[in-house]
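*Asks:* Sequence first, predicted model second:
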Amino acid sequence: MSSKQSFMKRRAEILDGNRIAAEIKREVKDAVTRLAETSDVQPCLVAIRVGDDPASSVYVRNKVRVSQELGLKSEHLALLDETTTEELLATIEVLNGREDVDGILVQLPLPAHVDERRVLERVNPGKDVDGFHPVNIGRLILNQPTLLPCTPAGIIELLKRSNIPLSGARACVVGRSHIVGRPVVQLLLQEDATVTVCHSRTSDLASVTSQADILVVAIGRTAHIRGEHIKPGATVVDVGMNKITDEEEARELFGEAAERRINQIRERGYTLVGDVHPSEAESVAGRLTPVPGGVGPLTVAMLMRNTLQAALMRRGIEEVSSER
Ligand code: NDP
């Protein structure tokens, strides 16, 4: 068979993030139930949102809803857009001091006038369920027990539960942000992968990415990673979440599967696309995370697991979940 024929025939296995996220949430729910049976602890998550960004509002409401479904307590603090850095710091201090609060989540982005760095650094590292505090990032690099950033931890969980061999694998991470790329690099290293990092200054990106057995892409550029960037048979994790509104673009990106996407654009004005070209990747990769329904659901599931873990760590309770 010519290489062109094999290129055309291959169909990547789709890695179902919703299924794996549901599995993790079930485990958290069971552990929360067991915790309630053996102690009077009910882990509590407080989500803080500043301003009226509609997307942030949807994200926070979703996190609060899921936490309640799993038996966690949760609170949603919606603060006014004009909240100052000092006022937000004071709110966090109150939550840091509250014995009943286990997890504090500050929904990003914050309004431009708020000093994001000072805010994130004020969260007690033991309650930092987003895993963004420098102390937790430091522990991650030192391979010490800590609260891991949710999206990177979710990516590793997805790979492991999909039985993708990590030890000795050649992994390439495209993107080096503090919240996704860099922590993913550290976590893959801990799994004994051989890791290469690419970014906006990488020259001849395809020559690097096409060597990788595992390719993780988090760049925020619609369908930037094409077939030529992918090693045939590789596992591709597409972290990107970009909205497209153009029907022609959807047709080009999704090929045979375009109709459903075009309908979405007609119904709600947009459809979600990752950083990886979906139909080209499906022809070349061995396994691929879809967008939506890949990494996204894992992020929320890992937040729930972090809230449980924060509650246990703070009280010195042994792990009640069988998975970790
Ligand atoms: P950032 O904008 O913080 O970082 C983007 C990174 O990509 C940077 O390191 C940048 O390089 C690199 N980059 C940009 N353009 C290129 C290019 N052409 N070639 C190679 N590298 C490039 O993004 P985030 O990490 O916050 O997010 C990335 C994507 O993941 C976004 O689409 C976001 O929406 C999505 N996301 C999804 C989540 C989920 O739950 N599914 C959670 C978080 C993010 P440099 O450092 O040189 O500037």
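*Replies:* Looks like it arrived, so ask away.
*Asks:* State the three-state secondary structure for Gln144.
*Replies:* Each residue gets one of three states, and Gln144 gets coil by DSSP: H, G, I helix; E, B strand; the rest coil.
*Asks:* How many residues are close by it?
*Replies:* A count of neighbours around Gln144, defined by other C-beta atoms under 10 Å, yields 9. Backbone N, C-alpha and C define where each C-beta goes, glycine included.
*Asks:* The closest residue to the ligand within the stretch 1-150 of the chain - nearest residue in space that isn't next to it in sequence?
*Replies:* Ranking the residues of the stretch 1-150 of the chain by distance to the ligand (C-beta to the nearest ligand atom) places Cys150 first, at 7.6 Å. Sequence neighbours aside, Met302 is the residue nearest to Cys150 in space, at 4.0 Å (criterion: C-beta to C-beta, 6 or more residues apart in numbering).
*Asks:* if I pick that neighbour, what's in contact with it?
*Replies:* For Met302, the contacting residues are Ile24, Leu148, Cys150, Thr151, Ala153, Gly154, Glu157, by C-beta atoms under 8 Å, 6 or more residues apart in numbering.
*Asks:* repeat that for 7 Å
*Replies:* With contacts defined as C-beta atoms under 7 Å, 6 or more residues apart in numbering, Met302 is in contact with Cys150, Ala153, Gly154, Glu157.
*Asks:* what helix or strand does it sit in?
*Replies:* In this assignment (DSSP states H and E), Met302 forms part of helix 295-315.
*Asks:* is any part of that helix close to the ligand?
*Replies:* Yes. Legend: contact between helix 295-315 and the ligand by C-beta under 6 Å from any ligand atom is shown at Val295, Gly296, Thr299.
*Asks:* Does the first one touch Ile156 like I think?
*Replies:* Put plainly, it is Val295. No. Val295 sits out of contact with Ile156 when judged by C-beta atoms under 7 Å, with a separation of 10.9 Å.
*Asks:* which one of these two has more residues nearby?
*Replies:* For Val295 versus Ile156, neighbours defined as other C-beta under 10 Å are more numerous around Val295 (27 against 23).
*Asks:* OK, contacts around that one?
*Replies:* Contacts were defined as C-beta under 7 Å, 6+ apart; by that measure Val295 touches Gly17, Thr151, Gly154, Ile155, Leu158, Val237, Val239, Thr289.
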